[in-house]
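Peer 1: Fold the following, please.
(2 chains)
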Amino acid sequence: MDQAFEYKRIMKIMVLVAAYNEEKTIVNVIEEIKTHVQNADICVVNDGSTDKTADILSSRQDIRSLHLPFNMGIGGAVWTGFNFMYREGYDYLIRIDGDGQHDPKQAMSLLVPLIGGDADIVIGSRFLKKQGYLSTFSRRGGIKLLDILSRFILKQKIVDNTSGFRAYNRAVISKFIKEYPFDYPEPIETYIAAKKGFRIKEIPAVMRKRKGGISSIRIVHSYYYLVKVLLTIMVNFIGGKNESLSNHRYPDH
Amino acid sequence: MNPYPITVIQIISIVFSVFLLALIFLLIRKKKMREEYSILWVLIFIVFLILSIFRGLIDKISSILGIHYQPASLFLILIGCLFLLTFHFSLVISKMKKNINSMAMMISILEQELNKYKNKKIKNSK
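Peer 2: A predicted model of the protein is given here:
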């Protein structure tokens, strides 16, 4: 890892935290990121929170906070973060959720394949080594279904496609500047990126049970979530052509 | 002899269609309705006007479509028009939602940049 870091000394890394009503956990998450991810700027997108999240964020000088005027949903918050990252000229982006279920200790290991040039998106996957919090039974079923689908469409195994614990390089981000899936972005993002020829890699990650807040996939919405994701995937990706790898990688470098 | 003598309902519907058409034109002229959203309305009212002037048209349409109860084809046309309109509005709303989200995103980013410069200024003046 150290060698890779020396190789590109001047790279800029941004940690993106999307937060919606996370007043109980956000400070902890920020502190953890500061301890474990050095030399990175922390950008927190406050997705129109109605609690004290906005005040907590504005009072801090050590982070950069974006405040959306209304709740756009996780996809909107991530999209805002992507745009910010792109404008500010960062090279890599790590996504960590504001509810504390992702462990910032593992964030740097997500970057390794990116910096080494082995992947464009790295997903921290809780099912590769089955440790830590593995979500509920029914949700695991949905994730399994997405995995089966990705084997068919992408010819690639993606065992934890709903994980928001991800890292990206600038080339991938540049493809999501204009449009990004809004409601439940993770699986659709994976499919779009893979279809555009970007390489996706999963590495094992241990997730914790969320400390506060509610999952962006609530129980009632679980089925709606699955139907919507499946619909989007069907509409967009069945029968479409895979783009070639070389066309648009690293447009700005 | 004219098989379709003028009836009260025909007069009412002609007057009503003309009135609505005039209303749309007025709203466009006063810039209260944008042209792009009014085109469908204008087209639909013209269809209504034609149908109320030429009463035989409904009978012809019914026989072509194989509908035995003529008023049913009138409802069919009406529902078709309303369907088109709601569909059109869904498209418009989707486009607006997209624009609004883009604006919100841009506002949050620009606000952050503005704050950065403000803080710099405060530091410099100290």
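Peer 1: Around chain B, which positions in chain A sit nearby?
Peer 2: Selection of chain A residues close to chain B by C-beta under 8 Å from any C-beta of the partner chain yields A:45, A:61, A:64-70, A:72, A:76, A:79-80, A:83-84, A:87, A:182. Placement of C-beta: from N, CA and C, glycine included.
Peer 1: what helix or strand does the nearest residue to A:Leu145 once chain neighbours are set aside sit in?
Peer 2: Leaving aside its chain neighbours, A:Leu145 sits nearest to A:Leu226 (7.1 Å; criterion: C-beta to C-beta, 6 or more residues apart in numbering or on different chains). Per DSSP states H and E: A:Leu226 is located in helix A:222-237.
Peer 1: Report pLDDT for the residue of the stretch 151-253 of chain A found nearest chain B.
Peer 2: Closest residue of the stretch 151-253 of chain A to chain B, C-beta to the nearest C-beta: A:Phe182 (7.4 Å). Listed pLDDT for A:Phe182 reads 79.
Peer 1: same thing with B:Ile11?
Peer 2: So B:Ile11 comes in at 89 (pLDDT).
Peer 1: any idea how far B:Ser52 is from it?
Peer 2: 9 Å (C-beta to C-beta, to the nearest Å).
Peer 1: out of these two, which sits in the more crowded spot?
Peer 2: B:Ser52 (20 against 11; other C-beta atoms under 10 Å in any protein chain shown).
Peer 1: Mark which of the residues of chain A next to chain B are buried, thanks.
Peer 2: A:45, A:64-68, A:72, A:76, A:79-80, A:83-84, A:182 (16 or more other C-beta atoms under 10 Å in any protein chain shown).
Peer 1: and the residue of chain B found nearest chain A, what element?
Peer 2: Residue nearest to chain A within chain B: B:Ser108 (4.1 Å; C-beta to the nearest C-beta). Using DSSP H and E, B:Ser108 maps to helix B:70-125.
Peer 1: Show me what that helix is packed against.
Peer 2: Secondary-structure packing of helix B:70-125 (3 or more C-beta pairs under 8 Å, 6 or more residues apart in numbering or on different chains; DSSP states H and E): strand A:64-67, helix A:74-88, helix B:35-53, helix B:56-65.
Peer 1: How about residues contacting the last one?
Peer 2: If I follow you right, that is helix B:56-65. The contact list for helix B:56-65 (C-beta atoms under 8 Å, 6 or more residues apart in numbering or on different chains) reads B:3-4, B:50-51, B:67-74, B:76-77.
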